[in-house]
Structure formats: C-alpha cells, structure tokens
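>>> Structure, please.
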Amino acid sequence: MNKWLVLAGVLVIVLGVYAFNSKFYYPPLPIDTVSKKEVIDSLNDSSKEIVKIDDDNDYEWFITRMEQGRAYRNLKEMISNNGWHFKTQEGSGYIFEKNHDTLIATTEMWTGDYVIVKVPKGWNN
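Coordinates of the predicted model:
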C-alpha cells in the first residue's frame, strides 16, 4: 500500500514540474511558431519593456507586461520612437500616422499579466 502512495506522490510531483515548466496552463497563443514557455522566457530574460517574439510574412509579434496599462504605453513608445505619431485607439487597434501613411497595431490580452501586440511589417523602416 505504501509503495503505491509513494509512486502516486512521485508521479504527481513529476507531472506538476512538467506542467509548471511547459506553461500549458496559459491560454493558446495567436501564433504557432513559438511555445508559451519561449514567449514568457523571452520577456523575463530581456531588460526591454516590450519584446519581439516572432514575425511572419505580414506581421511582427511582440509581448509586454500589462501592469496597470503599462503595455499600451510601451506599445505607443516603441512605435513613436520610429517616427509614427499616435492618432487614436479603436477597440484593440492603435492607429498611428507618419507622413500620409497609416499604421494599425492590434493588441490582445493573452493573460491578465501579458499583452500580445501585432504590428504590420515595415513599420520600423
């Protein structure tokens, strides 16, 4: 009987460590090319407030911490540092202008602590 309890206890510990390390308890990411663990680690390992996590053919993806609206300030600052001027917010979209061009960066609350940002490629040229 004691052997079964020890075996069950070890199994629970192993599964708990795996669950914690894999971050499976986080919601799905809107992109498939990086894991949840890689995304969290990239932000934790960086001194930057907003970190690029991936890019595809049309968009660049970033992650930032929410912390009392800080995510939106980080987004505005990152894009404004490349010459874009914030115009307005429409839902989860942030509209910027530069010369006569318009840029729309969209945000998604990934968890209560993190925000995923999608920005069209070419914004930082």
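
>>> Thought Glu97 was touching His85, still the case?
Yes: His85 is within contact range of Glu97, at 5.5 Å (criterion: CB atoms under 8 Å). For glycine as for every other residue, the C-beta is placed from the backbone atoms N, C-alpha and C.

>>> In contact with the residue nearest to Thr88 when sequence neighbours are not counted, which residues?
Nearest non-adjacent residue to Thr88, counting by CB to CB, 6 or more residues apart in numbering: Ile95, 5.2 Å away. Neighbouring residues of Ile95 by CB atoms under 8 Å, 6 or more residues apart in numbering: 86-89, 102-104.

>>> let's go with 10 Å and repeat that
By CB atoms under 10 Å, 6 or more residues apart in numbering, the contact list for Ile95 reads 84-89, 102-105.

>>> and if you look at Gly69?
Val115.

>>> Could you check the pLDDT of the residue nearest to Thr88?
Here the pLDDT value assigned to Ile95 is 97.

>>> what about Asn82, how many neighbours?
12 (other CB atoms under 10 Å).

>>> How far away from the center of its chain is the longest helix seen in the chain?
Taking DSSP state H as the criterion, the chain has its longest helix at helix 2-22. Relative to the chain's own centre, helix 2-22 is displaced by 30 Å; criterion: CA atoms, centre = their mean, to the nearest Å.

>>> Same check on stretch 78-92?
18 Å.

>>> before we move on, the earlier item: just give me the closest of the contacts of Ile95 to Leu7.
Leu7 has its nearest neighbour among these in Ala105, at 51.2 Å by CB to CB.

>>> which element is the closest one on?
In this assignment (DSSP states H and E), Ala105 forms part of strand 101-109.

>>> and that strand, what other elements does it pack with?
Contacts defined by 3 or more CB pairs under 10 Å, 6 or more residues apart in numbering; DSSP states H and E place strand 101-109 against strand 59-65, helix 70-80, strand 85-90, strand 93-98, strand 114-120.

>>> Rebuild the ones you listed as CSV, extending it with distance to Trp4.
What follows is these, written out as CSV (distance: least, CB to CB, whole Å):
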stretch, distance to Trp4
strand 59-65, 43
helix 70-80, 48
strand 85-90, 58
strand 93-98, 56
strand 114-120, 40
